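S.K.: mind folding the following:
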Amino acid sequence: MSEAFEGAGPEAATCRVVRPGPDFVGKQALTYAPAVSAESVGARGLHMQLVTLPPGARARAHLHEAHETALHVLTGVAGMWYGARLEQHLWSRSGDFVYIPAGVPHLPYNASRTETCTAVIARTDPNEQESVVLRPDLDPLRPPDADVMA
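M.R.: Numbers count the residues shown, from 1 in each chain. The predicted model follows:
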């Protein structure tokens with residue numbers, strides 16, 4: 001990853017190449033490789049990173065207050081329950097783009113027993129974990145063994 005960003009004024013703004021930083025496990029219980037963010041390049045309105053869902057991985061139910069999310073699935077297939085009570089579902093596959101509006105509860109998972117799913121995430125929050133609001137009340141609504149690959 002690039003060195004910590006020094007300075008926030010327009011005079012300090014420049015184009016940068018950022019290599020993914022060391023993986024970390026976020027509040028959502030998924031593994032991320034941080035890249036473009038407030039911390040790495042001084043971004044003020046977005047962040048971008050990789051997320052990896054190993055076979056059988058499941059996030060914790062959560063939402064991002066006041067921030068939109070877009071994903072591009074690079075490898076694998078992921079399912080996602082979403083909505084006020086996680087009553088809606090979608091599948092995304094390699095090559096697909098996914099949009100999640102601000103404030104929408106969601107619970108992504110990898111239903112495959114053998115294939116990893118990797119995606120690029122972009123969010124309108126430059127500090128990835130700042131807008132994460134966990135919703136433990138929704139976690140029991142979707143048991144991990146209830147999902148069947150479509």
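S.K.: hmm, Arg135 is touching Leu63, no?
M.R.: Yes: taking contacts as Cβ atoms under 8 Å, Arg135 lies within contact range of Leu63: 6.4 Å. Every residue, glycine included, has its C-beta placed from N, CA and C.
S.K.: more neighbours: which of these two?
M.R.: Shown here are Arg135 and Leu63; by other Cβ atoms under 10 Å, Leu63 has more neighbours (21 against 15).
S.K.: please report how far that one lies from Cys117.
M.R.: When distance is defined by Cβ to Cβ, to the nearest Å, Leu63 is 21 Å away from Cys117.
S.K.: look up phi and psi at Leu141.
M.R.: Backbone torsions of Leu141, given as degrees, to the nearest 10, read phi -70, psi -20.
S.K.: still on that earlier bit, what residues are shared contacts of Arg135 and Leu63?
M.R.: Residues touching both Arg135 and Leu63 (Cβ atoms under 8 Å, 6 or more residues apart in numbering): Pro105.
S.K.: what helices or strands is the helix or strand of the chain with the lowest mean pLDDT leaning on?
M.R.: Ranked by mean pLDDT, DSSP states H and E, the weakest helix or strand in the chain is helix 38-41, scoring a mean of 91. Judged by 3 or more Cβ pairs under 8 Å, 6 or more residues apart in numbering; DSSP states H and E, helix 38-41 is in contact with no other helix or strand.
S.K.: please export the C-alpha coordinates of that helix as PDB.
M.R.: Output of helix 38-41 as PDB, limited to C-alpha atoms (Å, rounded to 0.1, in the frame of the first residue of the first chain):
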ATOM      1  CA  ALA A  38      -8.500   8.500   3.000                       C
ATOM      2  CA  GLU A  39      -5.700   6.800   4.800                       C
ATOM      3  CA  SER A  40      -3.700   5.700   1.800                       C
ATOM      4  CA  VAL A  41      -4.100   8.600  -0.600                       C
END
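S.K.: quick test: name the residue nearest the centre of the chain.
M.R.: The centroid of the chain falls nearest to Ile121 when counting by Cα atoms, centre = their mean (5.3 Å).
S.K.: buried ones in the helix or strand harbouring it, by neighbour count?
M.R.: Element membership for Ile121 (DSSP states H and E) is strand 117-123. Neighbour-count burial for strand 117-123, with 16 or more other Cβ atoms under 10 Å as criterion, is recorded at Cys117, Thr118, Ala119, Val120, Ile121, Arg123.
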